[in-house]
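Peer 1: Next comes the sequence, and after it the predicted model I'd like to discuss.
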Amino acid sequence: MASRDQENDLAIAGLDIYIVGGAVRDALLGLPAGDRDWVVVGATPEQMSSRGFIPVGGDFPVFLHPRSKEEYALARTERKSGRGYKGFTFYTGADVTLEADLQRRDLTINAIAQAPDGRLIDPLGGQRDLQQRILRHVGHAFIEDPVRLLRLARFAARFHEFSIAPETLALARQLVQDGEVDALVPERVWREVAKGLMVPQAGRMFQVLADTGALSRVLPGLCWNEQPLSAELVCAAHNNLSLAARFALVCRLSDDPQSVARHVKAPGECQDYARLLPIMLDHVDADEAPAWLELIERCDAFRKPDRFLALLGAAQCVKEIDEQAWQARIGALRSIDAGAIAKVEQGRPDRIKAALYEARLAALGKVHVAKGGGR
């Protein structure tokens with residue numbers, strides 16, 4: 001229904017506007033409301049600007065509301081004109097209908113519009129597919145845009161109880177076979193992967209990519225094993241682990257986890273976690289102070305203790321770890337007065353390094369005794 005603010009909003013007065021996409025879908029599913037996206041039918045860019053809307057679109061006209069900053073896009077159609085997800089020509093004439101705009105969307109559940117009075121416009125059966133818990137493509141043009149495959153995989157993870165229509169899965173495989181997926185730029189892949197990783201059943205995203213043949217193309221070098229990794233990602237979500245920790249879990253079976261992260265231009269923190277988690281898993285069960293110290297040094301825990309503890313949290317989703325013992329070890333090492341040691345050994349750098357090492361081993365030895373072997 002239209003709010004009182006909307007009824008008195010001169011910026012949109014007289015415009016033929018509709019909420020579209022995720023906000024409508026999530027409301028019908030009873031999920032918390034997110035950002036609203038609007039489509040405007042029958043208007044021109046000049047009319048939008050004259051009402052105070054701020055243009056922000058690149059390939060097609062998108063505007064920010066002058067006060068709410070919500071996005072309003074002119075209704076548009078698209079025609080394939082080249083390879084990849086950027087290979088489209090858009091038409092945003094005032095004669096483009098709402099139904100034509102909905103027809104260009106990816107999945108039927110994302111192609112439902114709602115008028116300000118609450119009326120739903122659903123020409124493609126999105127409500128039916130929501131009720132039947134099915135992810136279904138809108139039209140054959142699905143195979144023209146490789147981003148739609150990424151979104152299908154991400155929505156399969158978010159709505160893990162939904163099945164994928166067989167014909168949609170077939171089109172996804174054809175999209176890979178036709179080479180369209182190879183036109184995806186790393187930044188776009190990472191954007192979708194990062195969103196998908198933050199849902200409880202993130203493993204399904206990677207499984208869909210694997211089942212369609214896309215995984216090795218968009219994440220080359222990634223070794224995906226559904227049985228352990230999906231369960232570990234569920235654990236990571238349950239423990240509210242960071243994006244970097246979840247991505248490290250996904251990459252942990254790969255021969256070169258950091259190279260997987262680099263390929264998709266993941267943030268530096270994600271690259272570091274991907275590199276360090278296998279090291280931690282290989283050495284976290286050590287039962288001697290020298291091995292503990294080596295792991296702590298390799299993970300740079302003196303400078304970044306919080307990251308070390310976060311990596312322990314990720315490792316805990318793989319194997320049983322006495323996190324309390326490791327926290328005590330980090331605490332014992334940080335309590336050492338390195339300045340005092342340097343003062344005693346002033347002018348003898350080699351002695352400072354050796355004395356500091358011995359002090360650290362001694363501190364860890366005390367924790368070892370206190371913890372009964374650290375397990």
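Peer 2: Structure received.

Peer 1: C-alpha only now, for contacts and for neighbours.
Peer 2: Fine.

Peer 1: So which residue is dead centre in the chain?
Peer 2: The chain has Ala194 as the residue nearest its centroid, 1.6 Å off, counting by Cα atoms, centre = their mean.

Peer 1: What sits closest to that one if chain neighbours are left out?
Peer 2: Leu243 (7.0 Å; Cα to Cα, 6 or more residues apart in numbering).

Peer 1: List the contacts of the one you found.
Peer 2: Shown in contact with Leu243 (Cα atoms under 8 Å, 6 or more residues apart in numbering): Ala194, Leu197, Met198, Cys270.

Peer 1: Now render those as CSV, adding pLDDT.
Peer 2: Formatted as CSV, those follow (pLDDT from 0 to 100):
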residue, pLDDT
Ala194, 98
Leu197, 98
Met198, 98
Cys270, 98
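
Peer 1: quick revisit: would you mind measuring from the residue nearest to the centre of the chain to Gly268?
Peer 2: As judged by Cα to Cα, to the nearest Å, Ala194 and Gly268 stand 14 Å apart.

Peer 1: now do Ala27
Peer 2: 36 Å.

Peer 1: For Arg105, grab phi and psi.
Peer 2: Torsion angles at Arg105 (phi, psi; degrees, to the nearest 10) stand at phi -80, psi 170.

Peer 1: Near the nearest residue to it once chain neighbours are set aside, how many other residues are there?
Peer 2: Closest residue in space to Arg105, ignoring its immediate chain neighbours: Ala111 at 6.1 Å, by Cα to Cα, 6+ apart. For Ala111, the count of nearby residues is 27 (other Cα atoms under 10 Å).

Peer 1: what residues are up against Ala111?
Peer 2: Ala111 sits in contact with Val20, Gly21, Leu102, Gln103, Arg105, Asp122, Leu124, Gly126, Val138, where contact means Cα under 8 Å, 6+ apart.

Peer 1: now do Ala342
Peer 2: Ile352.

Peer 1: what stretches of the stretch 51-200 of the chain score poorly on pLDDT?
Peer 2: Counting by pLDDT under 70, the stretch 51-200 of the chain contains low-confidence residues at 58-59, 79-88.

Peer 1: Which secondary structure state is assigned to Asp35?
Peer 2: Under DSSP: H, G, I helix; E, B strand; the rest coil, the three-state class of Asp35 is coil.
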